[in-house]
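In: show me how the following folds:
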Amino acid sequence: MTRARTRARTPLHGAAVLAASALLATATASPAAADAIRDRQWGLLALRAEEAWGTTRGDGVTVAVLDTGVDESHPDLSGQVLAGTDLIGMGAGPGDRAWARHGTAMASIIAGHGHGPSRGQGVLGIAPQARILPVRVILEEGDPGRAKARESKGGALAEGIRWATDHGADVINLSLGDDSDSAHHEAGEDEAVQYALAKGVVVVASAGNGGESGDRVSYPAAYPGVIAVTAVDRRGRKAKFSTRNWYATVSAPGVDVVIADPDRSYYEGWGTSAAAAFVSGAAALVKAAHPDLSPAQIKKLLEDTASDSPAGGRDDARGHGTVDPAAALQVAEAMQAEAAVPAPAAAASRYFGPGPEPVRPAERGARLGAPAAAVAGAALLVLAAVLARRPRRGPRGHDAHPAQ
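Out: Numbering: from 1, shown residues only. Have a look, this model is predicted:
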């Protein structure tokens, strides 16, 4: 399992194992100075966050972050992180360097609210009033328990999707994935995604960081119904590392993205993990303003309102274009909510074709013929039995005599 990148570290998800190789890589660059953070958050400007916040900041919406854990004590997230669960149960713990770095970074992109006077310092997320539900389903690359988790916790992602769905998630962020040579469809994960969608939960995943190594299909991004997110740079161009594939839905900032870290420093990261987090935040804004819209409607809405759409309306590099939450909120005002799972409709006819030939009732004579024949046959059998029991007699007028 891989995670997106943040220029200095890395996390994503592996099929039978949760091998965390982030889609977020942190670079070796120095931590950003706290007082310069807001000026460097170009993603908020690119996504017209200020305009969207005129409608909502995500209040009342819960975004589940299925990742390496989230540092709930981080000043940019304090008060926003709900009690979650750890489905790995091994490896590093709170306070260790190899704990919750990737998950905290994703949570800050989604729902960071800053800190300090008037909360003017630190990271501001795209949905700063949304709540974060942390679900630990992968380990950091440097975690000593990662190898063991690969072998024993392969079902954690599917379990985590169901757990988050049953514990109040409105949006599920999957900044992880498996795009290795062995990546393949996992029935349990696909079924878990469909379970979440049927319950009205929006599912967002990173498209993968294989743009320079084969553009292989990445799961869970490729599962039906998932909003798969590719990464773009400041100019709106596809990031070189971003996977180009058929399932791309929309794109979002994924280069030089400022993220929060448990060490209380800020880094610039890159990867489709970061891009997915931005789109999860955008989906949270739509959910906050229009909670009855179905996951399918929200996915279509984000597609239809994306900015800078490719020629023809879509391509495998950027999907339908860069997500635009302000435009999505505006268009959503005129939408009629639909059920998450369409109600079954009665078929127009009993059969797809003309159906079988109708069975006609037999004629009266034919109906009587069979019983009459049966009675006649029974009478003959009785007569035969009677004849068989009569004693045999000699010729009339003569007695039988034994041979001399």
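In: how about the secondary structure of the closest residue in space to Gly142 that isn't next to it in sequence?
Out: Leaving aside its sequence neighbours, Gly142 sits nearest to Ala98 (Cβ to Cβ, 6 or more residues apart in numbering; 4.2 Å). In this view, the C-beta of every residue, glycine as well, is placed from N, C-alpha and C. In three-state terms, and counting by DSSP: H, G, I helix; E, B strand; the rest coil, Ala98 is coil.
In: what about stretch 288-304, how long is it end to end?
Out: 19 Å (Cα to Cα, to the nearest Å).
In: ok, and what's touching that stretch?
Out: 55-61, 127, 129-130, 170, 196-197, 200-203, 225, 227, 249-250, 279, 282-283, 286-287, 314, 319-320, 323, 328-329, 331-332, 335, 337-340 (Cβ atoms under 8 Å, 6 or more residues apart in numbering).
In: give me that answer again for 7 Å
Out: The contact list for stretch 288-304, computed with Cβ atoms under 7 Å, 6 or more residues apart in numbering, reads 55-56, 58-61, 197, 200-203, 225, 227, 249-250, 282-283, 286, 320, 323, 328-329, 331-332, 335, 337-340.
In: what residues of it count as buried?
Out: Across stretch 288-304, burial judged by 16 or more other Cβ atoms under 10 Å covers 288-290, 293-299, 301-303.
In: mind listing which of these are in helices?
Out: The helices, defined by DSSP state H, take in 288-289, 295-299, 301-303 from the buried residues of stretch 288-304.
In: coming back round to it: can I have the buried ones of the contacts of stretch 288-304 as a PyMOL selection?
Out: Only the buried members of the contacts of stretch 288-304 enter the following PyMOL selection, criterion being 16+ other Cβ under 10 Å:
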select buried, resi 55+56+58+61+197+200+201+202+203+227+249+250+282+283+286+320+323+328+329+332+340
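In: so which of the contacts of stretch 288-304 belong to helices?
Out: Short answer: the contacts of stretch 288-304 in helices (DSSP H) are 197, 282-283, 286, 328-329, 331-332.
In: from the ones in helices among the buried residues of stretch 288-304, which is closest to Ala111?
Out: Nearest to Ala111 among these is Ala288, at 11.5 Å by Cβ to Cβ.
In: for the closest one, give me the pLDDT.
Out: Listed pLDDT for Ala288 reads 98.
In: same check, this time on Pro361
Out: Note on Pro361: pLDDT of 69.
In: where does this structure have low pLDDT?
Out: By pLDDT under 70, the low-scoring segments of the chain are 1-35, 361-404.
In: all helices of it, in order?
Out: So, for the chain - with DSSP H - the helices run 37-40, 42-46, 49-53, 101-111, 146-152, 156-166, 187-198, 272-289, 295-304, 325-332, 364-389.
In: and the ones you listed, which is most packed in?
Out: helix 101-111 (a mean of 34; mean count of other Cβ atoms under 10 Å).
In: with distance to Gly84 added, can I get the helices of the chain in TSV?
Out: Formatted as TSV, those follow (distance: least, Cβ to Cβ, whole Å):
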stretch	distance to Gly84
helix 37-40	26
helix 42-46	25
helix 49-53	26
helix 101-111	10
helix 146-152	17
helix 156-166	8
helix 187-198	16
helix 272-289	15
helix 295-304	21
helix 325-332	25
helix 364-389	74
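In: now do stretch 67-75: distance to the chain's middle.
Out: 22 Å (Cα atoms, centre = their mean, to the nearest Å).
In: got a list of what the residue nearest in space to the middle of the chain touches?
Out: For the chain, the residue nearest the mean C-alpha position is Val193 (3.8 Å; Cα atoms, centre = their mean). By Cβ under 7 Å, 6+ apart, the residues touching Val193 are 161, 203, 220, 223, 225-226.
In: which pair of those spans the longest distance?
Out: That would be Ile161 and Gly225, which, of the contacts of Val193, are the farthest apart (Cβ to Cβ) at 11.8 Å.
In: I figured Arg119 hits His113, correct?
Out: Yes. Between Arg119 and His113 there is a contact under Cβ atoms under 7 Å: 5.9 Å.
In: who has more neighbours out of those two?
Out: Using other Cβ atoms under 10 Å, the more surrounded residue of Arg119 and His113 is His113, with 21 against 14.
In: who's the more buried one bridged to?
Out: In this structure, His113 bridges to Leu124 when assessed by DSSP bridges.
In: in this model Pro128 seems to touch it, though I could be wrong.
Out: Yes. Between His113 and Pro128 there is a contact under Cβ under 7 Å: 4.5 Å.
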